[in-house]
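[1] one predicted model, sequence on top.
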Amino acid sequence: MRRSDVAMESAQVVLMKSDPYDIVGAIELSRATLRKMHQNLWWAVGYNVIAFPLAAGVFYPFTLSPEIAALSMSGSSAVVAINALLLKRTKLAGIRQARSAGAPTAGESVAAGVSA
């Protein structure tokens, strides 16, 4: 095992490119993930606070049949899963989009203008 492998195993974040600005993207991604986890937690808590007493008959005239309770539990799980998938749509300033092959970078276009 090489020393670089040991460093990668012990690190919390590994930069795959030599762009330190990627650390900003990693921090933004971790914050967005934590926000999404809090949203899912509060959705689940809110659902359970309302649905469990309703299904148990605490609010007697207003009850849920077992079939409706099972469907609503499945729906709650689907909402949490869809909300987690929405994390993919998060725009991260620190993560740059891959450029198409052959497209000049800003430095290359400036250098071409100076030499012409």
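    Ah, there it is. Numbers count the residues shown, from 1 in each chain.

[2] where do the helices sit along this protein?
    Using DSSP state H, the helices of the chain run over residues 3-10, 22-56, 66-85, 106-115.

[3] closest to residue 93 out of those?
    Judged by C-beta to C-beta, the one of the helices of the chain that comes nearest to residue 93 is helix 22-56, at 6.5 Å. The way it works is simple: take the backbone N, C-alpha and C, and place the C-beta from them, glycine included.

[4] before we move on, back to that, which stretch among the helices of the chain comes nearest residue 92?
    helix 22-56 (4.7 Å).

[5] now do stretch 76-86, average pLDDT.
    When pLDDT is averaged along stretch 76-86, the result is 93.

[6] distance from the chain centre to that stretch, please.
    Averaging C-alpha coordinates over stretch 76-86 and over its chain gives two centres that are 11 Å apart (C-alpha atoms, centre = their mean, to the nearest Å).

[7] contacting residues around that stretch?
    Stretch 76-86 is touched from outside by 36, 39, 40, 43, 44, 47, 51, with contacts defined as C-beta atoms under 8 Å, 6 or more residues apart in numbering.
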